[in-house]
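**Student:** this one's structure only:
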Ligand code: HEC
């Protein structure tokens, strides 16, 4: 009798620990490694780069990040954590290298675009994100 009661207690306890764990994980701020900050954008920031990046953004990123980058795309409703608001001060204050690192490596619902997009396309998207800055 005693054993079964304590195993039930352990069962409940481990369930609680798992619950708290997932909760904490969903809340943690996504931080890229410090080394990412020193990587600079090698892409020439011209009209053609921004134009093709916009096309990519609207088709591949907008479903979650929203057409204007506000993090309010149709798929965002179901996501936790929410897609980043690319117009926000927080994102705009982040270095190009850090944003590039996140786009390349991904986390959770934000998949890795390392193989899906070329280096050039990814850097173009970072340049495009800069144009979304809240005015
Ligand atoms: C399926 C939904 C989805 C799509 C599609 C998507 N993202 Fe994301 N993105 C997210 C979510 C969710 C986060 C926040 C992830 C987190 O904090 O764990 C995020 C975070 C980011 C971040 C990091 C912001 C920060 O500094 O914390 C960048 C940069 C980014 N996305 C760029 C893009 C670009 C560019 C595309 C298109 C190529 C894209 N994302 C497509 C869901 C998506």
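**Tutor:** Sure thing, it's come through. As the structure is a computational prediction, the values presented were derived from the model and not from experiment.

**Student:** What separation is there between residue 129 and residue 71?
**Tutor:** 12 Å (C-beta to C-beta, to the nearest Å). Using the backbone N, CA and C atoms, a C-beta is placed for each residue, glycine as well.

**Student:** for residue 59, that is, sorry about that
**Tutor:** From residue 59 to residue 71 the distance is 17 Å (C-beta to C-beta).

**Student:** So the two - more neighbours on which side?
**Tutor:** residue 71 (19 against 9; other C-beta atoms under 10 Å).

**Student:** any idea how far the most centrally placed residue in the chain is from the ligand?
**Tutor:** By C-alpha atoms, centre = their mean, the chain has its centre lying nearest to residue 110, at 4.9 Å. For residue 110, the distance to the ligand equals 3 Å [C-beta to the nearest ligand atom, to the nearest Å].

**Student:** next one: residue 95
**Tutor:** Distance of residue 95 to the ligand, computed by C-beta to the nearest ligand atom: 10 Å.

**Student:** try residue 69
**Tutor:** Separation of residue 69 from the ligand (C-beta to the nearest ligand atom): 9 Å.

**Student:** Tell me who's in contact with the spatially closest residue to that residue that is not a sequence neighbour.
**Tutor:** Distances taken as C-beta to C-beta, 6 or more residues apart in numbering put residue 86 closest to residue 69, at 3.6 Å, once the chain neighbours are dropped. Listed by C-beta atoms under 8 Å, 6 or more residues apart in numbering, the contact partners of residue 86 are 65, 69, 70, 71, 129, 132.

**Student:** before we move on, back to that, in the sheet, who's paired with the residue nearest to the centre of the chain?
**Tutor:** Beta-bridge pairing for residue 110 (DSSP bridges): residue 107.

**Student:** Go ahead and confirm it touches residue 99.
**Tutor:** No. Assessed by C-beta atoms under 8 Å, residue 110 is found out of contact with residue 99, at 11.5 Å.

**Student:** all helices for this protein, in order.
**Tutor:** 2-27, 47-56, 62-65, 89-92, 96-105, 119-131 (DSSP state H).

**Student:** In the third one, which residues are buried?
**Tutor:** Yep, that's helix 62-65 we're talking about. Neighbour counts using 16 or more other C-beta atoms under 10 Å place 62, 64, 65 of helix 62-65 among the buried residues.
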